[in-house]
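Engineer: quick one, structure for this:
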Amino acid sequence: MPLYSTKFPHQLHQTRTFIAARIKWVCDPYLDTAVSKEKDLKQVISFKNQIISSPSTSLPLSSLSLLKPYLNLPTTALNFFHKYPTVFCQFQPSPSLPFHIKLTHQAMSLHKEEQLIFKSQPLRDDTIKRLAKLLMLSGAKRLPLHIIDRFKYDLGLPHDYIIALLSDYPEYFHVCEDKDCLTDKDLFFLELVSWRDELAVSEMEKRVSHGDLSNVKRGQRIGFPLNFPNGFDLQKKVRDWVFEWQGLPYISPYENAFHLNPSGDQAEKWTVAVLHEMLWLLVSKKTEKENVLQLGDYLGFGDKFKKALVHHPGIFYVSNKIRTQTVVLREAYRKDFLVHKHPLMGMRFRYIHLMNKGKKKRRKSVGGIVRSRLRRQVSSSKKIIERKAKYKSREEEEEKSNGSSESEFEDVSSSDSDLEDAYRDGTMKMKM
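Structural biologist: Residues are numbered from 1 along each chain as shown. Okay, the predicted model is just below:
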């Protein structure tokens, strides 16, 4: 039973709304770094999964190039593969076939280790429970598969999760086809077979029961942890509102509270509880803002998620890094590091390390080419100067021997071929 659904019934329908004040967005360099560290990681893993899914563990470059718009690539697929030479390599199976892309030995080795993590029974059970909890946030206990696919990476689901994972848990899930209430189209949904009371406990409620929240005992009102970046300053009236809002009853995100006044502060606290729980279910405690908003539509919140992100910058942070907007749960991070690291996140950081090795190697390669060209230019200049000096010395000797100041030679050209011709002609004249 959720803690606060009926403890304060006289306050559930209060209508005091968020005060009219502008909350300024302030950059958080630590959380921006946490987001930036994973630049191109999702795209690299998506390409890797596509390549591995092929029986030959390689795919034509032309077919992979078709994924560019879906993966939000800033460049062509070929340039992307060249950017990470320690992950991808290009080859031609035969002269009659187009160029293919495959994984390097290092990337293949990481993939095999990653698969061992995916096959770990404790991790599989944890993933199933988190996915079930996400479905339980929906009153209908189901979500369209295209929404699940948007969260597949953030939930830590396998690439082929329906076959590789869900098929082994028929007591939890089944896939059904029905009409979508938003688009009025027939869609496939992932549905929870039955409600599970043992999972209907939020992260915030767990902390209270375990005594992890300071100054909060079971039966008291729960306030969300707040963390503001340096330079952030709330107006006094906003601070007062946040203080009073934190003291409102906490309603479990697994309870249906749409009966509340939608413009009231209590409804907003429940909205924040749902958003907070959703982010906590993700392995990196963050996801693209567009994912959050689309999920909010299917959960019935409309634009309330968007308002919650604006009203509560101490709970959520929206980063503008890596060509998108990313919603981050602040309390999950200490500076730019995750407080509780999921095993898959440890694996992903190893991919990042491999990607960065490729970028360093590429920078060294480019630097080596530049340095090589400079050395060749310097060497060529030295040879020209030496030949000019040698030519001048011979010219002076010739003038002395003939007693004439008139030179028998033309000016030396700056090119090596002209210089050699002039020297050869001069030598012949000297022999005559």
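
Engineer: give me the mean pLDDT for stretch 57-72.
Structural biologist: Regarding stretch 57-72, the rounded mean pLDDT is 94.

Engineer: next: stretch 242-261.
Structural biologist: Averaging pLDDT along stretch 242-261 gives 94.

Engineer: next, the contact list for Leu110, please.
Structural biologist: Residues near Leu110 by C-beta atoms under 8 Å, 6 or more residues apart in numbering: Met347, Arg350, Tyr351, Leu354. (C-beta placed from N, C-alpha, C; glycine too.)

Engineer: how about Lys24?
Structural biologist: Taking C-beta under 8 Å, 6+ apart, we find Lys24 in contact with Phe232.

Engineer: follow-up on the earlier one: so of the contacts of Leu110, which ones are in helices?
Structural biologist: With DSSP state H as the criterion, helices contain Met347, Arg350, Tyr351, Leu354 from among the contacts of Leu110.

Engineer: run a quick neighbour tally on the third one.
Structural biologist: Read that as Tyr351. Neighbours of Tyr351 under the rule other C-beta atoms under 10 Å: 21.

Engineer: try the first one
Structural biologist: Using other C-beta under 10 Å as the criterion, Met347 is surrounded by 18 other residues.

Engineer: for Val193, see how far away His174 is.
Structural biologist: Applying C-beta to C-beta, to the nearest Å, the value for His174 to Val193 is 6 Å.

Engineer: could the contacts of Leu110 go into JSON lines alongside pLDDT and distance to Lys306?
Structural biologist: What follows is these, written out as JSON lines (pLDDT from 0 to 100; distance: C-beta to C-beta, whole Å):
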{"residue": "Met347", "pLDDT": "96", "distance to Lys306": "32"}
{"residue": "Arg350", "pLDDT": "97", "distance to Lys306": "35"}
{"residue": "Tyr351", "pLDDT": "97", "distance to Lys306": "32"}
{"residue": "Leu354", "pLDDT": "97", "distance to Lys306": "36"}
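
Engineer: for those residues, which one is nearest Pro93?
Structural biologist: Nearest to Pro93 among the contacts of Leu110 is Leu354, at 24.7 Å by C-beta to C-beta.

Engineer: so what's the residue lying closest to the closest one once chain neighbours are set aside scoring on pLDDT?
Structural biologist: Nearest-residue entry for Leu354: Thr86, 5.3 Å, with adjacent residues in sequence omitted and distances by C-beta to C-beta, 6 or more residues apart in numbering. Per-residue pLDDT puts Thr86 at 97.

Engineer: and Thr86, that's in a strand?
Structural biologist: No - counting by DSSP: H, G, I helix; E, B strand; the rest coil, one finds Thr86 to be coil, located in no strand.

Engineer: in contact with it, which residues?
Structural biologist: Thr104, Gln106, Ala107, Leu354, Met355, Lys357, Gly358, Lys361.

Engineer: dump the ones in helices among the contacts of Leu110 to CSV, plus distance to Ser252.
Structural biologist: Formatted as CSV, these follow (distance: C-beta to C-beta, whole Å):
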residue, distance to Ser252
Met347, 32
Arg350, 37
Tyr351, 36
Leu354, 42
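
Engineer: from Phe91, how far out is Trp270?
Structural biologist: Per C-beta to C-beta, Trp270 is found 55 Å from Phe91.

Engineer: what about those two, which has more around it?
Structural biologist: When Trp270 and Phe91 are compared for neighbours, Trp270 comes out ahead with 27 against 10, by other C-beta under 10 Å.
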